[in-house]
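S.K.: structure for the following, please:
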Amino acid sequence: MAGHEIPEPADRKQVADPMSDPQAAEEARRPCDPAFRHGVVVGFDGSTSSERALAYAIGMSRRTGSGLIIVHVANRLPTTVWAGCEPPVFVDVPDHRTEVLGLELACADYLAEVPWVLVERGGDICHELEEVGREYAADAIVVGSTHGIVGRIFGSVAGRLARRAQRPVVVIP
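M.R.: Okay, the predicted model is just below:
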C-alpha cells in the first residue's frame, strides 16, 4: 500500500502534568500503528530542503527496514483576545497544503518501497516533531536545514530541534 493517513481523534485528552499520573499519561497517548514503531520521523513541507530530508529518510527507512512517519505541521496563528486583556490563544487555520502534499506523496514512485504514513499537526514545529517521535518511539528525526535570513534571526528548526530532542536528529543540508 502506498500510504496511510491517521485522522486526529476527536476525544483527545490533555494531561496537565504527565509525570504526576503515569496511567493518565498512557491514556493521553494516541495509539499508533505498530508497523511504524521505531520508524524514522521526517519533517516535510514541500520545500527543497524538506524534499532532500525526505529522500534521506526514505533511504534510512529502507536500510533499517522500518516505517516512515512524514510529519507536516500546519499553520496556527496567535490571536489575542482584546476584551479583558486575556492571554493570547492559538486558532487553527485551515491548511489545505497537507491534503495537496498527501496527494503528491501518494503518487510518488520513490515511496513505493517503504511503508509510510502522513501525520498532520498544528503548533510549534520542533515540539510537534519531537512529540510524534515520542509517540512512535522513533529511532531518528530527519529535517532539512534552513537557508536564509529568517533562520539566522529566529533560529532554525533544525538547530532548536537538535538542542532539545530526546532522540537523534539528522540535519540534511
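S.K.: what are the buried residues along the longest helix seen in the chain?
M.R.: If you go by DSSP state H, the chain has its longest helix at helix 48-64. For helix 48-64, a neighbour-count test (16 or more other CB atoms under 10 Å) marks 49-50, 53-54, 56-58, 60-61 as buried. Yep, even glycine has a C-beta here, placed from its N, CA and C like the rest.
S.K.: thought residue 141 was touching residue 133?
M.R.: Yes. Between residue 141 and residue 133 a contact is recorded at 5.1 Å, counting by CB atoms under 8 Å.
S.K.: what is in contact with those two at once?
M.R.: 41, 165, 167 (CB atoms under 8 Å, 6 or more residues apart in numbering).
S.K.: what number of residues lie near the first one?
M.R.: Around residue 41 sit 29 other residues, with neighbours defined as other CB atoms under 10 Å.
S.K.: one step back: of residue 141 and residue 133, which one has the most company?
M.R.: For residue 141 versus residue 133, neighbours defined as other CB under 10 Å are more numerous around residue 141 (28 against 24).
S.K.: could you give me the average pLDDT of the helix or strand that one falls within?
M.R.: Element membership for residue 141, per DSSP states H and E: strand 140-144. Average pLDDT, strand 140-144: 94.
S.K.: looks like residue 117 contacts residue 68 (just checking).
M.R.: Yes. Counting by CB under 8 Å, residue 68 is a contact partner of residue 117 at 7.5 Å.
S.K.: higher neighbour count, these two?
M.R.: Just comparing residue 117 and residue 68: by other CB under 10 Å the higher neighbour count belongs to residue 68, 24 against 19.
S.K.: which strand residues bridge that one?
M.R.: Counting by DSSP bridges, residue 68 forms beta bridges with residue 40, residue 116.
S.K.: measure it to residue 159 for me?
M.R.: Here residue 68 is placed at a distance of 23 Å from residue 159 (CB to CB, to the nearest Å).
S.K.: and if you look at residue 50?
M.R.: Distance of residue 50 to residue 159, given as CB to CB: 16 Å.
S.K.: try residue 121
M.R.: For residue 121, the distance to residue 159 (CB to CB) stands at 20 Å.
S.K.: how about residue 119?
M.R.: Look at residue 119 and residue 159: by CB to CB, they are 23 Å apart.
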